[in-house]
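Turn this into a structure:
(one chain, ligands or ions: 2)
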Amino acid sequence: MPAYKRILLKLSGEALMGDDAYGINRAVIMRMVQEVREITDLGVEVAVVIGGGNIFRGVAGGAVGMDRATADYMGMLATVMNSLALADAMRVEGVTARVMSAIAIEQVVESYVRPKALQYLEEGKVVIFAAGTGNPFFTTDTAAALRGAEIGAQVVLKATKVDGVYTADPKKDPSATRYASVSFDEAIAKNLQVLDATAFALCRDQKLPIKVFSIFKPGALKRVVLGEDEGTLVHV
Ligand SMILES: Nc1ncnc2c1ncn2[C@@H]1O[C@H](COP(=O)(O)OP(=O)(O)OP(=O)(O)O)[C@@H](O)[C@H]1O
Ligand SMILES: O=c1ccn([C@@H]2O[C@H](COP(=O)(O)O)[C@@H](O)[C@H]2O)c(=O)[nH]1
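Numbers count the residues shown, from 1 in each chain. Ligands and ions are numbered 1, 2, ... in the order given. Model prediction:
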């Protein structure tokens, strides 16, 4: 029995490249989709926000010295590419998905319209929110918090490269220890950078819990959705 009826799943863009230097690794994206399918099969309504790090960090060298807002629009367009790839991989797996973009590019994908997104979710379709918030100076974590609140998700699930929230970045500090749960206030006060502070603050204000868990651990998403002990819960 799933613990949630509707979730917002934030997928790491950077994880999409697998062992490649940049871009989208086919095996990785297909595995992500299979994990999503396991939870849609449980009847959970799934909305997805995917990051852009796998593409954007690959072109970041060329963005050095660029106007920040222009570079951010490039980043948002990178998330559109990932969203299209994800939706197509879902099609291959027999999962019906719709991509909705925060930036109007109507020849490519439909624009984000909240009632339409809610309708798709009620119909059991996976909705992929592309182009972040549509605004520079934000991140896809903030987009996940924003869309999660807008669609009335019960939780934001951040599937990332680490298996939870640590006392410090575990990739830099091997002595860091993992929290089983942590409050928003503590995460913000201690500047725990697994999500940006804007995303933490928005979720805290909206009383929208976040679960952080590993995108690389097979079955972790399903365990989280079933309410089993997995990752770190960030709570009010
Ligand atoms: N206190 C912390 N606990 C856990 N991870 C942390 C912490 N501080 C920093 N991090 C880092 O945050 C990273 C996850 O956030 P980040 O937004 O960079 O990745 P992502 O969301 O997976 O990728 P993308 O931006 O491409 O979607 C982890 O890989 C980890 O190294
Ligand atoms: O609302 C948003 C979301 C994203 N951006 C830009 O895109 C890149 C990629 O997103 P990640 O969250 O880092 O994966 C981000 O670095 C921003 O440059 C944005 O401007 N607004």
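
C-alpha from now on. contacts and neighbour counts both.
Will do.

what pLDDT does the residue in the chain sticking out farthest from the centre get?
In the chain, counting by CA atoms, centre = their mean, G65 sits farthest out from the average C-alpha position, at 27.9 Å. Note for G65: predicted pLDDT of 89.

Tell me how many other residues surround D205.
11 (other CA atoms under 10 Å).

so where do the strands sit in the chain?
6-11, 45-50, 97-101, 110-111, 126-130, 155-160, 181-183, 210-214, 232-235 (DSSP state E).

Okay, buried residues for the helix or strand bottoming out on mean pLDDT in the chain please.
Taking mean pLDDT, DSSP states H and E as the measure, the chain has helix 53-63 as its least confident helix or strand, at a mean of 82. Going by neighbour count (16 or more other CA atoms under 10 Å), the buried part of helix 53-63 is G53, N54, I55, F56, R57, V59, A63.

need the contact list for the second one.
For N54, the set of contacting residues under the criterion of CA atoms under 8 Å, 6 or more residues apart in numbering consists of G13, E14, A15, L16, M17, Y22, G23, I24.

and those residues near ligand 2, which?
Taking CA under 6 Å from any ligand atom as the test, ligand 2 is in contact with G13 out of the contacts of N54.

and the least confident of the contacts of N54?
In terms of pLDDT, Y22 ranks lowest among these, with 89.

Next one: it from V127, what distance?
Computed as CA to CA, to the nearest Å, the Y22 to V127 distance reads 25 Å.

Check R68 too.
Distance of R68 to V127, given as CA to CA: 29 Å.

Likewise for I29?
I29 sits 16 Å away from V127, taking CA to CA as the criterion.

The two: which is more packed in?
The neighbour comparison of I29 against V127 (other CA under 10 Å) goes to V127, with 25 against 20.

give me every residue that touches that one.
Per CA under 8 Å, 6+ apart, neighbours of V127: V46, A47, V48, A97, R98, V99, M100, A117, Y120, L121.
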